[in-house]
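Q: I need the structure of the sequence given here:
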Amino acid sequence: MIRYQNQKQRSLEGFDTPPGMILDPRNRWVRLSDCMPWDELADSYYKTLSRTLGRPSKDARIVIGAVIIKHKLSVSDEETVEQICENPYLQYFIGLKGFQSKAPFAPSLLVEVRKRMGQTVFDEFHAAIIKAVEQKKAKKPVKVDQDNDGGSPGRMASNYSEDDCHIAAVPATAKQSSPSDKTPRNQGKMIIDATVAEQAIRFPTDLGLLNEARELSEHIIDVLHEKSHRPQKKKPRTYREIARKAYLGLAKLKRPASKKRRDGIRRQLQFLRRNLGHIEEMLSEYPHGTPIPLPNWLLRRYWVLPHLYNQQYEMYKTRSQRCEDRIVSISQPYIRPIIRGKQGKKVEFGAKISVSLAGDGLA
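A: As a prediction, the model looks like this:
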């Protein structure tokens, strides 16, 4: 059920604060609150709610303000609630009537809000905020002032930022550009960030990756021997039972010692190197240009195995845990680890992407 009040911004003087606390009207959250189109944002938010069914919802000003605070400060849901409880400016920003030490909502509300809103509502928020900022920029007059020595005039222009609608003075250059000068000028700002398109994969370990690569190499040997031009030739030995037993003996340990883990990685590297040598020898029977009798999915994985072996062997030899373009998934070799620092998930795995946000809101 929708429970909504018109969000005409109350004055800062009407915000109830504890005795002795004086709020600064130039604070960034106060300025940002003045330029936010709260009614338009509330209309977009309430599109996903029913006006007659369900219990009354939290006021849209509180929910939308909390979402903006979370993304602007880049904090978790729990930290967002804590910041609001401690900061009177944030409570003023989300539309509370006065300062209160009690949390206005539970952190789990933000999870429900993200599920309910979806990408469409976020896009409408983005468009409404940009439109409000552009309107304020258009209404701000241009002031012309003379220098102290009576020289060339300096121009004062309004420069709004989407973050806090801050008005800054930008002096003009001493040399005015001619109309014929069409060289583009640097202006505004661009935010560039690297992120990752997360993939649901098994958490990679060096021992687990080598065991998976070894099993794939054994399967490739089986397929090549079955479809060989000389089936009477004896199949190469792979020692798969010994290798499997050696892997399980280490994988079942809860916290294996570093010496045991290093010894286990060394043995798996030896098994994998032997198998790759057998595969190269078996593939030499097929002349250049002849199709290899391997299915496409298995052939793609075979191309990854030598790179994986080289990376793991180099890290083993140098006793390092890092290498360039490290492979963490044989089936998806383009996946890379990236440190995110999230609560409970320090590392995410996926394709790395770069996102740029221009000053006019284009991503």
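Q: flag the shaky bits of the stretch 101-250 of the chain, pLDDT-wise.
A: Residues of the stretch 101-250 of the chain meeting the criterion pLDDT under 70: 133-181, 231-232.
Q: 90 instead, please
A: 101-204, 226-235 (pLDDT under 90).
Q: which residues in it form strands?
A: 143-145, 154-156, 191-198 (DSSP state E, counting those that start in this stretch).
Q: quick one, domains of this protein?
A: Each domain of the chain is listed here as a residue range: 28-137, 189-203+335-362, 206-327, per the TED database.
Q: TSV for those, including distance to residue 21 and mean neighbour count?
A: Glycine gets a C-beta too; all of them are placed from N, C-alpha and C. As requested, the domains of the chain are exported to TSV (distance: least, Cβ to Cβ, whole Å; neighbours: other Cβ atoms under 10 Å):
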stretch	distance to residue 21	mean neighbour count
domain 28-137	7	16
domain 189-203+335-362	32	12
domain 206-327	50	15
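Q: between those domains, which one is closest to residue 183.
A: Closest to residue 183 of these is domain 189-203+335-362 (Cβ to Cβ; 18.9 Å).
Q: chain center to the closest one, what's the gap?
A: Relative to its parent chain, domain 189-203+335-362 has a centroid offset of 3 Å by Cα atoms, centre = their mean, to the nearest Å.
Q: mind checking the end-to-end distance for it?
A: 12 Å (Cα to Cα, to the nearest Å).
Q: before we move on, the earlier item: mind giving me JSON lines with the domains of the chain and columns for distance to residue 182?
A: Conversion of those to JSON lines gives the following (distance: least, Cβ to Cβ, whole Å):
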{"stretch": "domain 28-137", "distance to residue 182": "24"}
{"stretch": "domain 189-203+335-362", "distance to residue 182": "20"}
{"stretch": "domain 206-327", "distance to residue 182": "42"}
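Q: need the three-state assignment for residue 261.
A: Look at residue 261: counting by DSSP: H, G, I helix; E, B strand; the rest coil, its state is helix.
Q: give me every residue that touches it.
A: 207, 250 (Cβ atoms under 8 Å, 6 or more residues apart in numbering).
Q: residue 360 versus that one, what's the distance?
A: 53 Å (Cβ to Cβ, to the nearest Å).
Q: could you do residue 293 as well?
A: In terms of Cβ to Cβ, residue 293 sits 56 Å off from residue 360.
Q: also residue 296?
A: Taken as Cβ to Cβ, the span from residue 296 to residue 360 is 45 Å.
Q: and the helices in the stretch 1-150 of the chain, which stretches?
A: Listed in chain order, the helices of the stretch 1-150 of the chain (DSSP state H, counting those that start in this stretch) span 28-35, 38-46, 60-73, 77-86, 88-93, 108-139.
Q: great, nothing more from me.
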